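Colleague: Sequence first, predicted coordinates after that:
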Amino acid sequence: MTQHFQREIDKLKKKILCLSAYVEDSVRKAVKSVGERDEKLARDVIETDQQIDQMEVDLEEDCLKILALHQPVAIDLRFIVAVLKINSDLERIGDEAVNIAERARFLSSKEKLDFLLDFPPMAEKVQSMLNKSLRSLVDMDSRAAREVCISDDEIDAINKQMFIKVQERMKIHPEEIERLIPLLSVSRYLERIADHATNIAEDVIYMVEGVITRHGHSLSNLRSSNE
């Protein structure tokens with residue numbers, strides 16, 4: 001590996017970590033804006049999204065440039081391919097944070113509901129998944145990445161329970177539907193963030209081990225390797 005190529009790889013690592021930090025902060029703020037009915041905080045998340053989008057575009061261009069100029073192979077090629085995929089997932093997580101923030105802005109302008117979904121535990125678990133997936137990227141830790149993949153089922157189950165609770169509430173208080181639907185949407189957006197965190201974890205596994213775990217491929221190994 002030439003020194004120039006190594007510098008380009010190091011630059012990629014710094015950029016993906018910088019983007020990760022921005023995205024993680026946006027998710028944290030978006031979740032907080034819902035819980036605290038903070039319209040200003042929600043607006044901050046929405047305004048930051050343009051910067052995240054630009055970072056995603058710049059990082060993709062850097063990856064494509066390295067592929068064209070250096071034609072990497074083996075683990076270096078896997079790293080760049082994984083960064084391209086992770087870059088896309090991070091941008092989409094940023095979009096989901098914006099979606100949550102937009103619902104927070106709407107809810108902040110309405111009368112507060114005397115009804116609380118279990119958002120804090122769900123949001124905490126989702127943010128933990130995201131943080132662990134990003135740390136697994138930094139540490140090149142496929143074992144931690146596999147733990148993230150296994151956690152996704154729990155988030156799916158929580159989201160289903162949220163739907164049931166809101167549906168039951170709508171039957172009893174149909175006058176609250178306008179405010180209940182955004183809450184249900186927030187749950188769905190959190191579930192999608194967990195899906196993207198899982199995608200990132202799967203890409204880390206591919207990067208480190210060269211094993212593809214998407215779409216159930218080699219999925220049976222996820223649990224066995226953690227037992």
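Modeller: It's in.

Colleague: Was I right to think residue 97 contacts residue 26?
Modeller: Yes: counting by C-beta atoms under 8 Å, residue 97 does reach residue 26; the two are 4.0 Å apart. Using the backbone N, CA and C atoms, a C-beta is placed for each residue, glycine as well.

Colleague: got any residues that touch both of these two?
Modeller: 45, 49 (C-beta atoms under 8 Å, 6 or more residues apart in numbering).

Colleague: Check what pLDDT the closest residue to residue 158 other than its chain neighbours gets.
Modeller: With C-beta to C-beta, 6 or more residues apart in numbering as the criterion, residue 158 has its nearest non-adjacent residue at 4.9 Å, and that residue is residue 122. pLDDT for residue 122: 89.

Colleague: helices or strands next to the helix or strand containing residue 122 in the packing?
Modeller: According to DSSP states H and E, residue 122 maps onto helix 119-139. Packing partners of helix 119-139 (3 or more C-beta pairs under 8 Å, 6 or more residues apart in numbering; DSSP states H and E): helix 3-35, helix 142-172, helix 177-209.

Colleague: list the buried ones in that helix?
Modeller: 119, 122-123, 125-127, 129-134, 136-137 (16 or more other C-beta atoms under 10 Å).

Colleague: Show residues contacting it.
Modeller: Contacts of helix 119-139 (C-beta under 8 Å, 6+ apart): 16-17, 20, 23-24, 27-28, 31, 34-35, 86, 93, 141-142, 144-145, 147-148, 151-152, 154-155, 158-159, 162, 183, 186-187, 190-191, 193-194, 196-198, 200-201, 204, 207.

Colleague: how much does it deviate in direction from helix 177-209?
Modeller: Per axes from the mean of the first three to the mean of the last three C-alpha atoms, to 10 degrees, the angle that helix 119-139 makes with helix 177-209 is 20 degrees.

Colleague: Now do helix 119-139 and helix 3-35, the angle between them.
Modeller: 170 degrees.

Colleague: Run the chain-centre distance for helix 119-139.
Modeller: 8 Å (C-alpha atoms, centre = their mean, to the nearest Å).

Colleague: Same check on stretch 175-183?
Modeller: 25 Å.

Colleague: pLDDT (mean, whole number) over that stretch?
Modeller: Computed over stretch 175-183, the average pLDDT equals 91.

Colleague: related to what we said a few turns ago, if any of the contacts of helix 119-139 are buried, put those into a PyMOL selection.
Modeller: To isolate in PyMOL the members of the contacts of helix 119-139 that are buried, counting by 16+ other C-beta under 10 Å, one can use:
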select buried, resi 16+20+23+24+27+28+31+34+86+93+141+142+144+145+147+148+151+152+155+158+159+162+183+186+187+190+191+193+194+196+197+198+200+201+204+207
